[in-house]
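Engineer: Here you go, sequence then predicted model.
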Amino acid sequence: DTEVTQTPKHLVMGMTNKKSLKCEQHMGHRAMYWYKQKAKKPPELMFVYSYEKLSINESVPSRFSPECPNSSLLNLHLHALQPEDSALYLCASSPRQSRGEAFFGQGTRLTVV
Amino acid sequence: GESVGLHLPTLSVQEGDNSIINCAYSNSASDYFIWYKQESGKGPQFIIDIRSNMDKRQGQRVTVLLNKTVKHLSLQIAATQPGDSAVYFCAEISSGGTSYGKLTFGQGTILTVHP
């Protein structure tokens, strides 16, 4: 199984809503990542977890809250988002943080209204 | 042809031609480089990687060249096929400091292959 599974595929939420994005991998990878991608732009790193501990936070606003419950799961909790937060949110995993062969999920297309 | 401007660089080729996609990187501390392919509606897909102690690496129909002197990376695709049409990103991994292991993507190039 070389898949990273993200749910939901699409999400529309209001600015006062609370929602969560989920990511799952069963490759035994110990590094997991959240990226944000706007149209026609490269993915931008948000967070990195290494061995279930937050390793990198790219100064992401607190309305985005990551969580790594175990080595296979990664969540991104969303609260009080702004319309400019609408984007494709990508989850990835790699064997270790320093190993670049990261496998990406299909992403969650988020629209904030 | 290839163009660079306010939009993503684009490269248009005929099926069967060879394609060369270029990338410049800025971080001298990066020691690991990766090429990703992203098709519409999908996440990036790993193509090939290269470490800084190498200057060339070959895969199936793809070759990556690394020139550390000028901080330049290229991806060569042989006998390009319509299925190769996608956005191609180079990415780099920082090897030290607070950004250790941080995977950073370059701007991207849109490759269009005409039958």
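Structural biologist: Nice, thanks for sending it over. Numbering: from 1, shown residues only, chains lettered A, B, ... in the order given.
Engineer: ok, now which ones touch B:Ile93?
Structural biologist: With contact taken as Cβ atoms under 8 Å, 6 or more residues apart in numbering or on different chains, B:Ile93 is in contact with A:98, A:100, B:30-34, B:101-104. C-beta: built from backbone N, CA, C; applies to glycine.
Engineer: Chain B contacts on chain A?
Structural biologist: Counting by Cβ under 8 Å from any Cβ of the partner chain, the residues of chain A close to chain B are A:4, A:31, A:33, A:40-45, A:48, A:50, A:55-56, A:90, A:92, A:94, A:96-98, A:100-107.
Engineer: Counting neighbours, which of those residues end up buried?
Structural biologist: Among these, those classed as buried by 16 or more other Cβ atoms under 10 Å in any protein chain shown are A:4, A:31, A:33, A:42-45, A:48, A:50, A:55-56, A:90, A:92, A:94, A:97-98, A:100, A:102-107.
Engineer: So what pairs up with A:Ala87 in the strands?
Structural biologist: Under the criterion DSSP bridges, A:Ala87 forms beta bridges with A:Leu110.
Engineer: and if you look at the one 4 residues further on?
Structural biologist: For A:Cys91, the residues forming beta bridges with it (DSSP bridges) are A:Trp34.
Engineer: Spit out the contact partners of it.
Structural biologist: So A:Cys91 contacts A:4, A:6, A:21, A:23, A:32-35, A:74, A:76, A:104-105, A:107 (Cβ under 8 Å, 6+ apart).
Engineer: ok so, going back, quick one, which of the contacts of B:Ile93 are buried?
Structural biologist: Buried among the contacts of B:Ile93 (16+ other Cβ under 10 Å): A:98, A:100, B:30-34, B:101-104.
Engineer: which regions of the chain lie under the pLDDT threshold?
Structural biologist: The chain I'm using is chain A. Counting by pLDDT under 70, chain A has low-confidence residues at A:1-2, A:100.
Engineer: hmm, I had chain B in mind actually
Structural biologist: For chain B, the ranges with pLDDT under 70 are B:1-7, B:98-99.
Engineer: quick one on the thing from earlier: in helices, which of the buried ones among the residues of chain A next to chain B appear?
Structural biologist: Using DSSP state H, no member of these falls in helices.
Engineer: Please flag which of the residues of chain A next to chain B sit within strands.
Structural biologist: Mapping the residues of chain A next to chain B onto strands (DSSP state E) picks out A:4, A:31, A:33, A:44-45, A:48, A:50, A:55-56, A:90, A:92, A:94, A:103-104.
Engineer: any idea which of those is closest to chain B?
Structural biologist: Set against chain B, the nearest of these by Cβ to the nearest Cβ is A:Phe104 (3.3 Å).
Engineer: wait, the closest one sits on A:Ala92?
Structural biologist: Yes. Counting by Cβ atoms under 8 Å, A:Phe104 does reach A:Ala92; the two are 4.6 Å apart.
Engineer: Give me the common contacts of these two.
Structural biologist: A:4, A:35, B:43-44.
Engineer: With distance to B:Tyr88 added, can I get those residues in CSV?
Structural biologist: Below are those laid out as CSV (distance: Cβ to Cβ, whole Å):
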residue, distance to B:Tyr88
A:Val4, 20
A:Tyr35, 17
B:Gly43, 14
B:Pro44, 9
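Engineer: Just among those residues, which is most surrounded?
Structural biologist: Neighbour counts for these, by other Cβ atoms under 10 Å in any protein chain shown, peak at B:Pro44, which reaches 29 neighbours.
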